[in-house]
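Q: Generate coordinates for the sequence data below:
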Amino acid sequence: MKKLTFLLFFVFAAATAQKADRTNFGSLQNIKASDYAVTFTSNFSKTGGSNEPFKMVFINTITGKTNEVVLAEKTNIRKVHTDIEANFLGSKFVVVECYSEVEKRLPKASGFVSKLYLISLNDFKVTPISTEDFSLKNWQINTKTNKIVFIEQENGMKDLSGEVQKIMVFDLDNGTKREVFSNN
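A: Numbers count the residues shown, from 1 in each chain. Presented below is the predicted three-dimensional model:
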């Protein structure tokens with residue numbers, strides 16, 4: 001009986017032992033009207049989670065040089081938009097839609113928030129567009145005015161008075177953001 005228990009212990013330990021973390025690349029995309037392509041990495045562990053945050057890798061297709069951009073911890077990439085025809089502070093950029101799991105403060109609150117980030121191709125700086133404690137619902141870029149219009153909601157995170165929603169405008173020429181309408 002001791003030998004069987006001992007054998008089962010080692011079989012279980014060997015089967016569940018973490019051999020190595022695995023890094024996967026997302027889809028490779030060309031960035032419109034630029035020399036760059038972009039992909040992202042995700043790291044997975046056999047223990048059931050990611051050990052490192054998502055990284056975006058920008059590849060200069062002429063020189064082969066790469067630039068890594070690390071996103072905030074526990075942030076997952078939903079979509080990378082590379083076909084943007086506008087400029088941000090005079091530079092080409094990509095828009096990254098992300099989501100992350102947050103602590104639910106109330107029973108009706110969502111456990112996830114969606115966020116929007118811009119990454120400039122000049123310096124690869126990450127600029128958050130979404131407001132803290134709000135979740136992105138929808139967004140559009142107006143190329144005529146060079147502005148991003150987006151709707152975000154509080155989703156019951158602060159109190160039970162209902163969902164606060166607001167329409168925001170982000171000016172790509174100067175990097176300023178303002179609220180233009182709210183339901184409260």
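Q: Give me the residue ranges of this protein where confidence is low.
A: The model of the chain has pLDDT under 70 over residues 1-21, 43-52, 103-110, 155-162.
Q: what residue lies at the spatial centre of it?
A: In the chain, the centroid-proximal residue (Cα atoms, centre = their mean) is C98; its distance is 2.8 Å.
Q: S114 is in contact with that residue, correct?
A: Yes - the criterion here is Cβ atoms under 8 Å, and C98 meets it with S114 at 7.1 Å. Placement of C-beta: from N, CA and C, glycine included.
Q: which neighbours do those two share?
A: Shared contacts of C98 and S114 (Cβ atoms under 8 Å, 6 or more residues apart in numbering): R78.
Q: I'd say N184 and V164 touch.
A: Yes - contact criterion Cβ under 8 Å: N184 and V164 qualify, at 4.9 Å.
Q: just to revisit the earlier point, so the residue nearest to the centre of the chain, which of the three states?
A: Recorded secondary structure, C98: strand (DSSP: H, G, I helix; E, B strand; the rest coil).
Q: N184 and V164 - which one has more neighbours?
A: Each of N184 and V164 has its neighbours counted (other Cβ atoms under 10 Å); V164 has more, 18 against 9.
Q: Quick check: that one vs P128, distance?
A: 19 Å (Cβ to Cβ, to the nearest Å).
Q: Also F54?
A: 15 Å.
Q: Now do the helix or strand containing F58: which elements does it pack against?
A: Assigned by DSSP states H and E, F58 belongs to strand 55-60. Strand 55-60 is packed against strand 36-44, strand 66-70, with contacts defined by 3 or more Cβ pairs under 8 Å, 6 or more residues apart in numbering; DSSP states H and E.
Q: Would you map the helices across the chain?
A: With DSSP state H, the ranges of helices along the chain come out as 2-16.
Q: hey, where'd the strands end up in it?
A: Secondary structure of the chain (DSSP state E): strands at 22-25, 29-30, 36-44, 55-60, 66-70, 75-81, 93-101, 112-120, 126-128, 135-142, 147-153, 165-171, 177-182.
Q: Given the fourth one, what are its sheet partners and their directions?
A: The partner list of strand 55-60 in its sheet, established with DSSP bridges, is strand 36-44 (antiparallel), strand 66-70 (antiparallel).
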